[in-house]
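1. Here is a sequence together with a model predicted from it:
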Amino acid sequence: MESKIKFDLITPISYPGEGSAGATGSWRVFKPIIDREKCRKCLLCWLYCPEAAIRVSEENYPEIIYEYCKGCGICANECPVKAISMVEE
Amino acid sequence: MRLVLTGNYAAAYAAKAAKVEVVSAYPITPQTQVVEKLSEFIERGEMNARYIRVESEHSAMAACIGAAMAGARVFTATSAHGLIYMSEMLWWAAGARLPIVMGVITRAMAPPWSIWSDHCDLLSLRDIGWIIYFCENAQEVFDTIIQAYKVAENEEVLLPAMVGWDAFQTSHTAEPVDVLSPDEVSKYLPPRRPLPYVIDFERPFTHGSLCYPDRYMEFRYLMDLSMSKAKKAIVEADEEYGDLFGRKYGGVLEKYLCEDAEIAVVTMGVLSGDARYAVDILRKEGYKVGLVRLRVVRPFPSSELKKELKSKKLVCVIDRNISIGRGGILGTEIKALLKNSSANVVNVVAGIGGRDVSYEDIVNIVKRSLDLVEKGEVPEYMWYGIDKEYVVKAVGEYYEPPAL
Ligand code: SF4
Ligand code: SF4
């Protein structure tokens, strides 16, 4: 029997969607730039980015989504080969 | 099957009979036997469940929340400091609308360190959205835990439920208990449906993310609405249980010799047995007394209590708890209910920290309360059984809480 209750409306549930907090890229002061020459494709940066603002390219390189990257620098800090530099906007 | 069980073992048998699938708990006196027995059942393969070991009660409730979100029927139990340490997670469980059932073996809070019963631990958590039951004996512990799943999992309710019982007097006292098997209980309690939601890796979601002031209030309103529906669900769950298994408890209130009574004694928990005996004695002496035992504190049985108590000459509420600076918690609620009626409410705080309250004490309390009503000297509340000499020694004076 179909219930009249919408169970995902009685408790605060949210489903993932792109950029639900808006274009957070505008918050950035420092911009992470990946140096593909140094990058070893370990994808630690992708794993650590708290905003999921790094995607993986077809050749398995990390690519920063600048529309949402807020410039926290965590990726640069985690990169084991210092392939990411933070450049002032 | 009839077994001689303590209240705690009765709880473990009830979780087994309810086909609980995940137990996560941290041991604390006087709750320990509950989880010892459950881990024994699981270890021996008598219960098809996972026991998640944790380092604290806060984590125990977090594990229960996770397991309930994964769709399992979940049980835990705790007492006093464990309960209060867990309290942040109790809000998460209620707000997540997860039908977790938890045994709370009431124990006085420290300091001074105590392992004996009063209801301050449980009642300090009365406003967070958990259903609160309170039992009188081991049989009722067994029956109520099963009923609590029925209510908590009701789609119009979907709130977690605490089932309370008193330390030692119920938790460690062995009595004959009629134990139902998981097969018998399955006629009453079907497997848990995946409500209100179950984690689905194909469709991931976040629970409890930030909610702005334009929406937060509705979630609290919806909890309050579900709690009000829980009352009907509790009464129906008790009726259906009675029809199937032959035992029921009057829904939210149990009444004893109330019909022609001019005096009502109101109690909760194990003291109610002594109170019933005191009623018998007082009846023999010619007093028209009855007993109302609260079986449920949340949702509060307001209309039921009001109907029962509003025309009594004396309503004597015995609280095994103290809201410091206010009086007994149940007495305070009942006074508010009966404000515009002719009933005189005498609120007596007794049995704190496991202090024994005998049937003679209750006879005494009723007579003293009646005397106060007749003299028109009803105090806001009063403590029963305080050693006045000790108080004078400590602070140089003794006085009753002021009269209203
Ligand atoms: S952490 Fe550094 S090396 Fe690893 S994928 Fe990211 S940029 Fe490349
Ligand atoms: S700077 Fe921060 S937000 Fe931007 S890609 Fe690196 S980790 Fe992600």
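-> Cool, got the structure. Ligands and ions are numbered 1, 2, ... in the order given.

2. Which parts of the stretch 251-400 of chain B are strands?
-> B:253-256, B:263-267, B:289-294, B:296-298, B:314-319, B:344-349, B:382-383 (DSSP state E, counting those that start in this stretch).

3. what's the following helix or strand after the helix or strand containing residue B:104?
-> In the assignment (DSSP states H and E), residue B:104 maps to strand B:101-106. Using DSSP H and E, the helix or strand that follows strand B:101-106 in sequence is helix B:120-123.

4. so which of the strands of the stretch 251-400 of chain B gets nearest ligand 1?
-> strand B:296-298 (51.7 Å; C-beta to the nearest ligand atom). For glycine as for every other residue, the C-beta is placed from the backbone atoms N, C-alpha and C.

5. Just send the strands of the stretch 251-400 of chain B back as TSV, with mean neighbour count, mean pLDDT and distance to residue B:73 too.
-> Formatted as TSV, the strands of the stretch 251-400 of chain B follow (neighbours: other C-beta atoms under 10 Å in any protein chain shown; pLDDT from 0 to 100; distance: least, C-beta to C-beta, whole Å):
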stretch	mean neighbour count	mean pLDDT	distance to residue B:73
strand B:253-256	18	98	27
strand B:263-267	27	98	32
strand B:289-294	25	98	27
strand B:296-298	23	98	21
strand B:314-319	28	98	33
strand B:344-349	24	97	38
strand B:382-383	19	94	42
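
6. Tell me which of those strands lies nearest to residue B:93.
-> strand B:296-298 (14.1 Å; C-beta to C-beta).

7. picking up where we left off before, export the strands of the stretch 251-400 of chain B as a markdown table, with columns for distance to ligand 2.
-> Below are those laid out as a markdown table (distance: least, C-beta to the nearest ligand atom, whole Å):
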| stretch | distance to ligand 2 |
| --- | --- |
| strand B:253-256 | 58 |
| strand B:263-267 | 60 |
| strand B:289-294 | 54 |
| strand B:296-298 | 44 |
| strand B:314-319 | 55 |
| strand B:344-349 | 57 |
| strand B:382-383 | 60 |
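
8. thinking again about what came up before, need the contact partners of the strand holding residue B:104.
-> B:7-8, B:11, B:15, B:18, B:30-31, B:34, B:64, B:74-80, B:83, B:117-122, B:130, B:141, B:145, B:148-149, B:152, B:160-167, B:170-171, B:269 (C-beta atoms under 8 Å, 6 or more residues apart in numbering or on different chains).

9. which ones among the residues you listed are found in strands?
-> B:74-78, B:161-166 (DSSP state E).

10. which one of the residues you listed is nearest ligand 1?
-> For those, the nearest to ligand 1 is residue B:74 (39.7 Å; C-beta to the nearest ligand atom).

11. Please name the bridge partners of the closest one.
-> residue B:22 (DSSP bridges).

12. residues touching residue 19, list them.
-> Picking chain A for this. Neighbouring residues of residue A:19 by C-beta under 8 Å, 6+ apart: A:67-68.

13. um, chain B though
-> With the criterion set at C-beta under 8 Å, 6+ apart, residue B:19 makes contact with B:48, B:73, B:182, B:185-186, B:189, B:191.

14. ok, now how distant is the single nearest residue of chain A relative to chain B from ligand 2?
-> Closest to chain B within chain A is residue A:7: 3.9 Å, counting by C-beta to the nearest C-beta. Computed as C-beta to the nearest ligand atom, to the nearest Å, the residue A:7 to ligand 2 distance reads 34 Å.

15. again with residue B:34
-> Applying C-beta to the nearest ligand atom to residue B:34 and ligand 2 gives a distance of 46 Å.

16. OK, contacts around that residue?
-> Residue B:34 neighbours (C-beta under 8 Å, 6+ apart): B:8-9, B:11-12, B:25, B:77, B:103, B:105.

17. hang on, the earlier thing: in its sheet, what does the strand holding residue B:104 sit against?
-> Assessed with DSSP bridges, strand B:101-106 is paired to strand B:74-78 (parallel), strand B:161-166 (parallel).

18. Out of those strands, which one sits most buried?
-> strand B:74-78 (a mean of 31; mean count of other C-beta atoms under 10 Å in any protein chain shown).

19. quick one on the thing from earlier: quick one, which of the strands of the stretch 251-400 of chain B is nearest to residue A:50?
-> strand B:296-298 (38.9 Å).

20. doesn't residue B:364 make contact with residue B:274?
-> No - in this structure residue B:274 lies outside contact range of residue B:364 using C-beta atoms under 8 Å: 11.7 Å.

21. Compare the two and say which is more crowded by neighbours.
-> residue B:274 (21 against 15; other C-beta atoms under 10 Å in any protein chain shown).

22. Need the per-residue pLDDT for the more buried one.
-> We note a pLDDT of 98 for residue B:274 in this prediction.

23. pull the helix or strand with minimum mean pLDDT from chain A.
-> strand A:13-14 (a mean of 88; mean pLDDT, DSSP states H and E).

24. Point out the other helices and strands that the helix or strand just after that one packs with.
-> Next along the chain after strand A:13-14, taking DSSP H and E as the criterion, comes strand A:30-34. Judged by 3 or more C-beta pairs under 8 Å, 6 or more residues apart in numbering or on different chains; DSSP states H and E, strand A:30-34 is in contact with strand A:62-64, strand A:84-88.

25. Okay, buried residues for the longest one please.
-> The one in question is strand A:84-88. A:84, A:86 (16 or more other C-beta atoms under 10 Å in any protein chain shown).

26. Relative to chain A, which residue of the stretch 51-200 of chain B is the closest?
-> residue B:196 (3.9 Å).

27. which SS class is that residue?
-> coil (DSSP: H, G, I helix; E, B strand; the rest coil).

28. residues near residue B:398, how many?
-> For residue B:398, using other C-beta under 10 Å, the count is 14.

29. Please report the distance of it from chain A.
-> 51 Å (C-beta to the nearest C-beta, to the nearest Å).

30. ok, now which ones touch the spatially most central residue of chain A?
-> For chain A, the residue nearest the mean C-alpha position is residue A:53 (1.8 Å; C-alpha atoms, centre = their mean). Going by C-beta under 8 Å, 6+ apart, residue A:53 touches A:24-25, A:64-66, A:68-70.

31. Out of these, the closest to residue B:302 would be?
-> Nearest to residue B:302 among the contacts of residue A:53 is residue A:24, at 48.5 Å by C-beta to C-beta.

32. you'd agree the closest one is up against residue A:65?
-> No - applying C-beta under 8 Å, one finds residue A:24 not in contact with residue A:65, separated by 10.1 Å.
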